[in-house]
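> quick one, structure for this:
(chains A and B)
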Number of protein chains: 2
Amino acid sequence: MKRRQWLPCLDWAQHYSRSAASQDGLAALIVTLMLIPQSLAYAMLAGLPPIMGLYASILPLLAYALFGSSRTLAVGPVAVVSLMTAAALEPLFPSGSAAYIGAAMLLALLSGVLLSAMAVLRLGFLANFLSHPVVSGFISASGILIAIGQLKHLFGISVSGDSLVQIIPQLWLGLPALHGPTLLIGVLSLAWLWWARVRLKPLLQHLGLTPATAGNLAKAGPVLAIIVAILAVTWQQLEQAGVKVVGAIPQGLPGLTLPTMDLDLALQLLPAALLISLVGFVESVSVGQTLAAKRRQRIQPDNELLGLGTANLASAFSGGFPVTGGFARSVVNYDAGAQTPMAGVFTAAGIAFSVLLLTPLLHNLPHAVLAATIIVAVLSLVDLGSLRRTWRYSRPDGAAQLATLLGVLLMGVETGILLGVGLSLLLFLWRTSQPHMAVVGQVPGSEHFRNVERFAVIESPSVLSLRVDESLYFPNARYLEDRIGELIANRPQVRHLVLMCSGVNLIDASALDSLEAIVDHLQAAGVQLHLSEVKGPVMDQLRRSSFLEQFGGQVFISQFQALQTLAPHITPSVPAIPLANRTP
Amino acid sequence: MKRRQWLPCLDWAQHYSRSAASQDGLAALIVTLMLIPQSLAYAMLAGLPPIMGLYASILPLLAYALFGSSRTLAVGPVAVVSLMTAAALEPLFPSGSAAYIGAAMLLALLSGVLLSAMAVLRLGFLANFLSHPVVSGFISASGILIAIGQLKHLFGISVSGDSLVQIIPQLWLGLPALHGPTLLIGVLSLAWLWWARVRLKPLLQHLGLTPATAGNLAKAGPVLAIIVAILAVTWQQLEQAGVKVVGAIPQGLPGLTLPTMDLDLALQLLPAALLISLVGFVESVSVGQTLAAKRRQRIQPDNELLGLGTANLASAFSGGFPVTGGFARSVVNYDAGAQTPMAGVFTAAGIAFSVLLLTPLLHNLPHAVLAATIIVAVLSLVDLGSLRRTWRYSRPDGAAQLATLLGVLLMGVETGILLGVGLSLLLFLWRTSQPHMAVVGQVPGSEHFRNVERFAVIESPSVLSLRVDESLYFPNARYLEDRIGELIANRPQVRHLVLMCSGVNLIDASALDSLEAIVDHLQAAGVQLHLSEVKGPVMDQLRRSSFLEQFGGQVFISQFQALQTLAPHITPSVPAIPLANRTP
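Numbering: from 1, shown residues only, chains lettered A, B, ... in the order given. Here you go, the predicted structure:
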């Protein structure tokens, strides 16, 4: 039972069929063709030698296939996490140096440990604090930031920094040093990739291929760009002309290597590792959930945490860097018909094969082509329409999304996301600190009570019915005292105040103190406090204090019953429901 | 109108009577006798020359009398804020150095600016984030920390640090260097002060004085200790014997001096200033509110902010350090019959008189007596019973209180309070991330719906009524999806799910996304979602999205109406209330 819970692969492996294998195989072939250029490119984006992208696409996929619960998630290097890796490491070490590489592996190790620990301790709920608007703003901004950051490879100039404020002036100042041949390769690649993305599939269909075959062949567009570019660089000897290329990379599979084991460095990288883990987890779960729902499958957040955690541990010990489930690749995997995580195993085999045989051929691959691959991939992440929709629905949510977006662009990824999370928490607390309160009255002909300002309702002059639309807790404890004081001051004929607690999901210790103060103030003014519609868990908690014995009022099961008891001449009598009705 | 709003003194000043003046005068005399030793002692606690305590007790009191709204609050140096001042400055400068003094004045300036800005921007709600348990834990821990920290003055040894972890080993190692005469003075003072606090008033009453006079005279106990100690040091030449005394202090009123004006230092001190301001404000408002309520008066938080803000500005420009409303002194002021803030003006005059005439006499005042004054004063702040009560009522609140208490003791005041605030926010979010949900049924004979597990209620097999006891927002958006999926999976006969939204005070953008996903999942399972009892503000917001047009269900005014419509054979028919009943 326990073993099965942590090894979802046992569920599908025992029924694994030949037909599933062939579907997984085809999906793996397509994902492999897509993953080769992307993994090289994202390693470059992370400031690492491109080969590390391939390393990070072998063992991590096997680990996820064992421990992950999504059938179709494609794990590996992704744009946003690579950007965050670079942002964490660039202030510490020169890009691509041995120290930088060791630290990138350490970052994967930390991320793996954190994710696995979150799985075991069931702390996945932490990822919930990244609200949808914050994640959306973060991903859009990362897309823009990555695309603009890659322009340096298209221009053939060198630029460093992790926000637009740092990048744009350098790009501008660097324009005179623009390297023509590099720019030409970059622009041609960009044009081809864009065209292939939009038009290649219709064209192939037009040429008589089936839509499925045309779609799958079109996915190979980036691979064709790589082949053509390598051939062009080789024939034209463009490396000698100053075009930056991938260069010599070690052939063969990654050995079991160790990340930098340095406790001080680990502590320093811990906050970045936590952010990378949470963002990676959120991105991965979002796409995993969407794809699972389409086939009426479910994913288990705890298994996802462990799947991604072990994938990162595998990456750390095989020369890789932080990985997670990628959005675009998972969709391609799903569309190509992947049935089980075995597709990931086949993809890993495909990448391993490439590493064994193809690395010498990649020597002349220009950075500009990889940059173009990245730019085309990440621009699809940018969704500014979402900002408009969020803003229209809710100003605080819109503000959090905008703050994240601008924060990432202007101050870098970590500051930006922390700004968004902080702002969304602060705005939530600010909102709950001044909760909506409604004086309510009876809807005629029913036992239902609604806001006197919105509905035509019956009110009693001596009984004030007040509905508080918020849990009573520390941010609003004092506000409650103030508002009730005002309300009573304006209604001298009131003798009873019934607090309708249908919206009160919690009364914390601060609010309990305030309620006691309110009872005192009300009693001085000749008003008795009562409660109604107190929920079970809140009632259980109140019983653990002395409030119920001391406040002098009654707890009514419903607002209707309260009015029946306190103002019987107003409310038509129907049999009252005693609290004794409560089952033990 | 505007002027009157910001100058509450205009309200009482125009009716100021001779009898109020005599009552204020008497209260001022008693508070002055109490304030002289306390202000000297708290300046020493803040690491400053004792005279600065007197300076901080003149102009700040006048400023508060002009701008503050409490009639009886006694402003000046207080224990907790002095401790926080020391904790902020000791890592930066040697205690008592010119740089340290300038920085203390700068801290008062920053605190004054922050409090005044919070008044004008109406940001007083920020203080709400210090929950009662956190404040209570903080004050108890500060009391313990201060008392133990003052033992060094009783032992005549030197100790530095701002947490028990740092202080206790030094006290232990310092024991061999214990200075006998100092310890004798300290222990005798402590014994006398303790005895005077508990027994002096009954004794004086026994000797024939009225209770009021006896109580007022007993307040002068610390002054007597000071006089006797000064005489003893002078006659026995104890300063030459190594007893540390206050020493030479400049005579005369403080000139208008300037704090260190250094932007870098100001930025560095800003977080500490913010914490000092918030803690000072919370302490001050708590006591102000309590005392005002006893006489059916009200205080205005915005006026309190401005009163304390201007008091700190006045302190910054007259050689003082951060001040706030003190708990014990305000109670004494109230008990002694103070009617208006004019008592504060008289107290300021009393302190100014002391500075002019008495400072030469204070030369031989031993530090040990001041330390004993502090210890007796702060031990009354320690209330560990509160921790037990809080823990019993609510584990998360108790945990936050305990974390603050231990944090302050072991890691210092700033870390401790931040730990408490952070933990209380995190625990609140954790709790709301897995909200209580109840399947509800109709209470027989009423239109009221309650939890099926707690009440004997009527359920419909085809209509599932689900009450969610929490606002739907980002921390619980995903949990909602999971739980509804489970509930529906276990009830194959269900055709309608009515989400009873009486406890839903907000649906944010993340939860809206989740609701849309839930509608999709439910429709796939052949279940239609409906909403009931949606509150006005939530409904207004939903209308700004396309959810209501697209989700395919109905919004019922009450759960009862929903069941009447969807399961009429179960729920007896009474006239339904159309939503058109809503007034525009």
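> what sits against whichever residue of the stretch 401-550 of chain A sits closest to chain B?
Per Cβ to the nearest Cβ, A:F474 is where the stretch 401-550 of chain A lies closest to chain B, at 3.4 Å. Where you see a C-beta, it was placed from the backbone N, CA and C, and this is true even at glycine. By Cβ atoms under 8 Å, 6 or more residues apart in numbering or on different chains, the residues touching A:F474 are A:D508, A:S510, A:A511, B:N128, B:F129, B:L130, B:S131, B:H132, B:S424.
> what about the fourth one, how many residues nearby?
When counting by other Cβ atoms under 10 Å in any protein chain shown, one arrives at 23 neighbours for B:N128.
> and it, what does it touch?
Each residue near B:N128 by Cβ under 8 Å, 6+ apart is listed here: A:S433, A:F474, A:P475, A:N476, A:A477, A:R478, A:Y479.
> so what's the spatially closest residue to it that is not a sequence neighbour up against?
When the adjacent residues along the chain are set aside, B:N128 lies closest to A:P475, with 4.7 Å between them (Cβ to Cβ, 6 or more residues apart in numbering or on different chains). Residues touching A:P475, when contacts are defined by Cβ under 8 Å, 6+ apart, comprise A:L429, A:W430, A:T432, A:S433, B:F125, B:N128, B:F129.
> do A:Y479 as well
Remark: with contacts taken as Cβ under 8 Å, 6+ apart, A:Y479 is in contact with A:S433, A:Q434, A:P435, B:F125, B:N128.
> wait, a helix at the third one?
This points to A:P435. No: assigned with DSSP: H, G, I helix; E, B strand; the rest coil, A:P435 falls outside any helix and is coil.
> how near is the residue nearest to it when sequence neighbours are not counted to A:I518?
With Cβ to Cβ, 6+ apart as the measure, A:E470 is the residue that lies nearest to A:P435, at 3.2 Å, once sequence neighbours are left out. According to Cβ to Cβ, to the nearest Å, A:E470 stands 15 Å off from A:I518.
> what's the mean pLDDT across the one helix or strand A:E549 maps to?
With the criterion set as DSSP states H and E, the secondary-structure element containing A:E549 is helix A:547-550. With pLDDT averaged residue by residue, helix A:547-550 scores 90.
> quick check: nearest residue in space to A:Q150, chain neighbours excluded?
In space, A:Q150 is closest to A:A371, 4.1 Å off (Cβ to Cβ, 6+ apart).
> residue contacts, A:M437?
For A:M437, counting by Cβ under 8 Å, 6+ apart, the contacting residues are A:L466, A:R467, A:V468, A:D469, A:R483.
> ok so, going back, go through the helix holding A:E549 and flag the buried ones.
By neighbour count, and taking 16 or more other Cβ atoms under 10 Å in any protein chain shown as the criterion, the buried residues in helix A:547-550 are A:F547.
> ok, now which ones touch A:G288?
Applying Cβ under 8 Å, 6+ apart, one finds that A:G288 lies in contact with A:S69, A:S70, A:T72, A:L73, A:I299, A:E304, A:G325, A:S330.
> just the buried ones among the residues you listed, please.
Burial by neighbour count, 16+ other Cβ under 10 Å: within the contacts of A:G288 this picks out A:S69, A:S70, A:T72, A:L73, A:I299, A:E304, A:G325, A:S330.
> can you list the domains in chain A?
For chain A, automatic domain parsing gives the domain ranges A:2-8+A:20-425, A:437-581.
> most tightly packed of these?
Sort these by mean neighbour count, taking mean count of other Cβ atoms under 10 Å in any protein chain shown, and domain A:2-8+A:20-425 sits at the top with a mean of 21.
> A:D262 contacts A:L109, doesn't it?
No: the pair A:D262 and A:L109 does not pass the contact test of Cβ atoms under 8 Å, sitting 11.3 Å apart.
> what about the stretch 201-350 of chain A, any weak spots by pLDDT?
A:252-253, A:255-256, A:293-294, A:296, A:298 (pLDDT under 70).
> go again with 90.
A:201-226, A:236-264, A:267, A:282-303, A:319, A:326-339 (pLDDT under 90).
> quick one: the helices in it?
A:201-206, A:211-218, A:221-236, A:263-294, A:301-316, A:327-335, A:342-358 (DSSP state H, counting those that start in this stretch).
> can you check which of those gets nearest to A:P176?
For the helices of the stretch 201-350 of chain A, the distance to A:P176 is smallest for helix A:221-236, at 24.0 Å, taking Cβ to Cβ.
> just want the most central residue of chain A.
Most central residue of chain A, judged by C-alpha distance to the mean C-alpha position with Cα atoms, centre = their mean, is A:V282 at 3.2 Å.
> distance of that residue relative to A:L130?
Shown here: A:V282 relative to A:L130, a distance of 5 Å by Cβ to Cβ.
> phi and psi next, for A:G441.
Per-residue torsions, A:G441: phi -140, psi 170 (degrees, to the nearest 10).
> A:G143 reaches A:A79, doesn't it?
Yes: A:G143 sits in contact with A:A79 when judged by Cβ under 8 Å, with a separation of 7.4 Å.
> give me the common contacts of those two.
Counting by Cβ under 8 Å, 6+ apart, the residues touching both A:G143 and A:A79 are A:V378, A:L381.
> identify the residues contacting the closest residue to A:T182 other than its chain neighbours.
The shortest distance from A:T182 to any residue that is not its chain neighbour, by Cβ to Cβ, 6+ apart, is 3.3 Å, and that residue is A:G156. Residues counted as contacts of A:G156 (Cβ under 8 Å, 6+ apart) are A:A177, A:L178, A:H179, A:P181, A:T182, A:L183, A:G242, A:V243, A:K244, A:A368.
> give me the pLDDT for A:G156.
On pLDDT, A:G156 comes in at 85.
> for it, grab phi and psi.
Dihedral angles for A:G156 - degrees, to the nearest 10 - are phi 70, psi 30.
> can you classify A:V439 by secondary structure?
Following three-state DSSP, the label given to A:V439 is strand.
> would you confirm that it contacts A:D469?
No: proximity of A:V439 to A:D469 does not meet the contact threshold set by Cβ under 8 Å, at 12.0 Å.
> give me every residue that touches A:A218.
Contact partners of A:A218, counting by Cβ under 8 Å, 6+ apart, are A:A196, A:R197, A:L200, A:K201, A:L204.
> again, only using 10 Å
If a contact means Cβ atoms under 10 Å, 6 or more residues apart in numbering or on different chains, then A:A218 has A:I30, A:A196, A:R197, A:V198, A:R199, A:L200, A:K201, A:P202, A:L203, A:L204, A:Q205, A:L209 as its contacts.
> and it, how close does it get to chain B?
For A:A218, the distance to chain B under the criterion Cβ to the nearest Cβ, to the nearest Å works out to 29 Å.
> now do A:V228
Taking Cβ to the nearest Cβ as the measure, A:V228 and chain B are separated by 42 Å.
> equivalent analysis for A:P77, please.
Applying Cβ to the nearest Cβ, the value for A:P77 to chain B is 26 Å.
> I figured A:S558 hits A:L531, correct?
No: no contact is recorded between A:S558 and A:L531 when judged using Cβ atoms under 10 Å, the distance being 11.3 Å.
> shared neighbours, those two?
Residues touching both A:S558 and A:L531 (Cβ under 10 Å, 6+ apart) are A:M500.
> contact residues of the stretch 1-150 of chain A facing chain B?
If contacts are counted using Cβ under 10 Å from any Cβ of the partner chain, the residues of the stretch 1-150 of chain A sitting beside chain B are A:123-136.
> ok and the residue in the stretch 251-400 of chain A nearest chain B?
A:D397 (3.9 Å).
> who are the contact partners of that residue?
With contact set as Cβ under 10 Å, 6+ apart, A:D397 has these partners: A:131-134, A:136-137, A:389-391, A:424, A:427-428, B:473-474, B:508-512.
> so the residue nearest to the centre of chain A makes contact with A:T324?
Yes: checked against Cβ under 10 Å, the pair A:V282 and A:T324 is within contact range at 9.2 Å.
> between those two, which contacts overlap?
In terms of Cβ under 10 Å, 6+ apart, A:V282 and A:T324 are not both contacted by any residue.
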